[in-house]
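Asker: Model the structure of this input:
(one chain, ligands or ions: 1)
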Amino acid sequence: MKVAVVGTGYVGLVTGTCLAETGNDVICVDIDAKKVQKMKDGIVPIYEPGLEALFERNIKQGRLKFTTNLNEAIKDATIIFLALPTPPGEDGSADLSYILGVADDLGKIITDYKIVIDKSTVPVGTADKVNAAIAKNTDIEFDVVSNPEFLREGYAIEDFMKPDRVVIGLDSERAKKELDHLYRPFVRQGNPILYMDKKSAELTKYAANAFLATKITFMNEIANVCELVGADVDKVRIGIGSDDRIGKRFLFPGIGYGGSCFPKDVQALMKSSKEVNYDFEILNAVMDVNQRQKTMLIPRIKDHFNNDLKGKKIAVWGLAFKPNTDDIREAPALYNIDELLSAGATVSAFDPEAMDNVKELLGDKISYVDDMYEALKNADALLICTEWQVFRSPDFDLVKSTLNSKVIFDGRNLYDKNEVEGFGFEYYSIGR
Ligand code: NAD
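Answerer: Next up, the predicted model:
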């Protein structure tokens, strides 16, 4: 099939590459000319495990192409995916200008039947708005479909290739036939394609993200209570996770969630609920608690140094909002660094993939090192913000001999408390 993907971010590029991998002819279009040139030169512009091999193979075999020209991308394609940003607007609601802008353009340039599929996370009613934006400029037949994406950065290829489910909202038999065909290779193991109306599909995505954000936040609150009553959150976590109704996943406490999805989607769901006069109260609490949780170790760091961080150097391990990605959007590490710098400390940071993105944002406000142990040199404490695998079994003797003072603030509960304390560290973690 001939497919166009508009927007080549984490979702668009993975979608385009995986669809090329299953034999479709895919053209990806992006307004970022530098990014498009990079991809034309064979360079993957983001870090996503497993993406590079598929990207290279499909370019080589001529099934994956890139352009900055929307018309060129969609001219031969029946299927057009929109994988565009939907960032929070000033009032917290999803900014639909990227999507509606492209929809408006599509109406002006389509010359034959198209299926316009919204993969971005958007509020209920967006498919109707996309429909109207296209229809006002054309009489050509087209269908609009809502097909929210559930991939996780860091596991995006796996998630796209073997999704738990594919959610598709539509009201056209013609579009359904095409999408059945397009998604068949991805649901061979019996994982379902769930067809529904567009509004339900749109809300399914927000409901999933808001639920997961709530689950993490609930567990963070349990961790905070654990500390106050002398319980161990790891025990409690396993105790409740063994109940099938609760499940073991998403129960790990830490310094809050970040990323490009949970924070903005929780906010957008709250906002769109308000628009229909519904006060989604629990989401208010989720946002407040998460904001507080992100920097919950800062008062402990300050206490440890008698409220004087001036001249102290803090080593930070982990900058990405989670492991296996270079994405730093809403990363807890950034909030912590900000607080540390404001308090007069200096920061030496290491992250396996996200340092270039942080350099772009923070420049020389902090220093960057290429080796995790290098960050510890002359540092007065270690703060862990992201649970990269490489941080899980460090050489504690080396950590101890390199740090100025033997103190670790672990925002991701990576280590066994007794073991670390056995090495002579003062060890602060969450809920233990
Ligand atoms: P992103 O910011 O990584 O990528 C968006 C891309 O769109 C950028 O490359 C940008 O240059 C491009 N773009 C902007 N305007 C354009 C235009 N007019 N024409 C062509 N390209 C244009 O975004 P993302 O993380 O891939 O997210 C896209 C959508 O998918 C969002 O709604 C997001 O909420 C949703 N989503 C994201 C994830 C995730 O893990 N990142 C998962 C599921 C859903």
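
Asker: CA atoms for contacts and neighbours, from now on please.
Answerer: OK.

Asker: how far away is the residue located most distally from the centre of the chain from Y113?
Answerer: Going by CA atoms, centre = their mean, the residue of the chain most distant from its centre is D139, 37.7 Å out. D139 sits 10 Å away from Y113, taking CA to CA, to the nearest Å as the criterion.

Asker: swap in E158?
Answerer: According to CA to CA, E158 stands 31 Å off from Y113.

Asker: before we move on, what about K312?
Answerer: Using CA to CA, which is the criterion applied here, K312 is 63 Å from Y113.

Asker: Next, count neighbours for S260.
Answerer: S260 sits with 18 neighbouring residues when counted by other CA atoms under 10 Å.

Asker: One more: G241?
Answerer: Burial of G241, expressed as a neighbour count using other CA under 10 Å, amounts to 16.

Asker: Run through the residues that contact it.
Answerer: Residues in contact with G241, defined by CA atoms under 8 Å, 6 or more residues apart in numbering, are G247, K248, R249, L251.

Asker: so S401 is in which element?
Answerer: When secondary structure is defined using DSSP states H and E, the element that contains S401 is helix 396-402.

Asker: N307 too?
Answerer: With the criterion set as DSSP H and E, no secondary-structure element contains N307; it sits in neither a helix nor a strand.

Asker: Look up how far Y47 lies from it.
Answerer: From N307 across to Y47, the span is 38 Å (CA to CA).

Asker: got it, and I109?
Answerer: For I109, the distance to Y47 equals 33 Å [CA to CA].

Asker: where exactly do the strands run in the stretch 201-350 of the chain?
Answerer: Along the stretch 201-350 of the chain, the segments classed as strands by DSSP state E, counting those that start in this stretch run 313-317, 346-350.

Asker: you'd agree F55 is up against P45?
Answerer: No: the pair F55 and P45 does not pass the contact test of CA atoms under 8 Å, sitting 10.8 Å apart.

Asker: Would you mind listing what in this protein touches the ligand?
Answerer: If contact is defined as CA under 6 Å from any ligand atom, the residues of the chain in contact with the ligand are 6-12, 29-32, 83-86, 98, 102, 120-121, 149-153, 261.

Asker: if we go to 5 Å?
Answerer: Among all residues of the chain, those adjacent to the ligand (criterion: CA under 5 Å from any ligand atom) are 6-11, 30-32, 83-86, 120-121, 149-150, 152-153.

Asker: Q389: how many residues sit nearby?
Answerer: Under the neighbour criterion other CA under 10 Å, Q389 is assigned a count of 11.

Asker: any idea of the pLDDT on the residue in the stretch 51-200 of the chain that the ligand sits nearest to?
Answerer: Distances from the stretch 51-200 of the chain to the ligand, computed as CA to the nearest ligand atom, single out S120 as the nearest residue at 3.5 Å. Note for S120: predicted pLDDT of 98.
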